[in-house]
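# structural data only, the sequence is not supplied:
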């Protein structure tokens, strides 16, 4: 009698369904990966209960950091409109998601911040609804196209443009003697064009609407508190069609995105309260610093991606 293998047969490599075909059954440890599947079940069986629990615990600190990041992003989005740029790379680095899944999941999370942020600023009476209506004409169709183009266009190049724009606007605001010294409302064509650019770029990169809309409106002379307020409502015009596109593509982690969105929405309330109670000049300075920091972070990260290829 031959020597019996210590490993149980776990994978039928035939899979033809033909009873006359030879059936090849592997008993080697490598066969614990069947047809390309991860061998988590087999590995868990080989590991003792103590080591298995250790492996599960290793993922908890990263998840905790992702949840903490979501709350911080919500505070920044509610306060200065610039913060969504941090969530997609955080999901890639800490959450282990791929770039497309991170973009789609972040976009889903911004549904929550958009609803809560809009409600908070509406209650304060500072949302410029006519400006929002003209922005939405360009935002909605462009956002759907941006989500559809996510897998087709080189996102790092788009992120590089976004980083440079955000950084330049932030530096420009810091160098101005009076950040809140003007409050102009751009014309209809300008707002529609801004909506197209913001909707497409933010849906493509999963950064939400405010991260790009606030710097652009500040550059056009809109007061900081009105720019932040309209960006809260405008992000809904970006993330709703973009989320529909990503759901259709099947790349959204709805459960994780909903959890992150709930935490970010709570932070958005805190940020909105702080922003509406802050003096306009001070708020303008905070927005400028946030733009500069987010633009610098995104620039370094995108250049690292491009140079690493």
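Everything's here; your move. Quick caveat, the model's predicted, so the values are computed rather than measured. Residues are numbered from 1 along each chain as shown.
# residue contacts, residue 232?
77-78, 81, 113-114, 117-118, 120-121, 127, 210, 268, 272 (Cβ atoms under 8 Å, 6 or more residues apart in numbering). Just so you know, the C-beta spots here come from the backbone N, C-alpha and C atoms, and that holds for glycine as well.
# after the helix or strand it falls within, next one along is what?
According to DSSP states H and E, residue 232 maps onto helix 224-249. Downstream of helix 224-249, the first helix or strand assigned by DSSP H and E is helix 254-277.
# could I get the average pLDDT for that following helix?
The predicted model gives helix 254-277 an average pLDDT of 91.
# all numbers from here: first residue = 387
Will do, 387 is the new start, and the previous item becomes helix 640-663.
# now that helix: buried residues?
642-643, 645-655, 657-658, 661-662 (16 or more other Cβ atoms under 10 Å).
# with stretch 491-510 instead?
For stretch 491-510, the neighbour count (16+ other Cβ under 10 Å) marks 491-507 as buried.
# hmm, back to that, could the contacts of residue 618 be laid out in JSON lines, adding secondary structure?
What follows is the contacts of residue 618, written out as JSON lines (DSSP: H, G, I helix; E, B strand; the rest coil):
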{"residue": "463", "secondary structure": "helix"}
{"residue": "464", "secondary structure": "helix"}
{"residue": "467", "secondary structure": "coil"}
{"residue": "499", "secondary structure": "helix"}
{"residue": "500", "secondary structure": "helix"}
{"residue": "503", "secondary structure": "helix"}
{"residue": "504", "secondary structure": "helix"}
{"residue": "506", "secondary structure": "helix"}
{"residue": "507", "secondary structure": "helix"}
{"residue": "513", "secondary structure": "coil"}
{"residue": "596", "secondary structure": "helix"}
{"residue": "654", "secondary structure": "helix"}
{"residue": "658", "secondary structure": "helix"}
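# quickly name whichever of these is closest to residue 475.
residue 463 (15.5 Å; Cβ to Cβ).
# the closest one reaches residue 506, doesn't it?
No: contact between residue 463 and residue 506 fails when scored by Cβ atoms under 8 Å: they sit 10.9 Å apart.
# for residue 533, give its distance to residue 658.
Using Cβ to Cβ, to the nearest Å, residue 533 is found at 27 Å from residue 658.
# likewise residue 683?
Residue 683 is 23 Å from residue 658, by Cβ to Cβ.
# determine how far the longest helix seen in the chain lies from the middle of the whole chain.
With secondary structure taken from DSSP state H, the chain has its longest helix at helix 666-694. Between the centre of helix 666-694 and the centre of its chain there are 16 Å (Cα atoms, centre = their mean, to the nearest Å).
# next, the buried residues of that helix.
Buried-residue list, helix 666-694, by 16+ other Cβ under 10 Å: 666, 669-674, 676-681, 683-685, 687-688.
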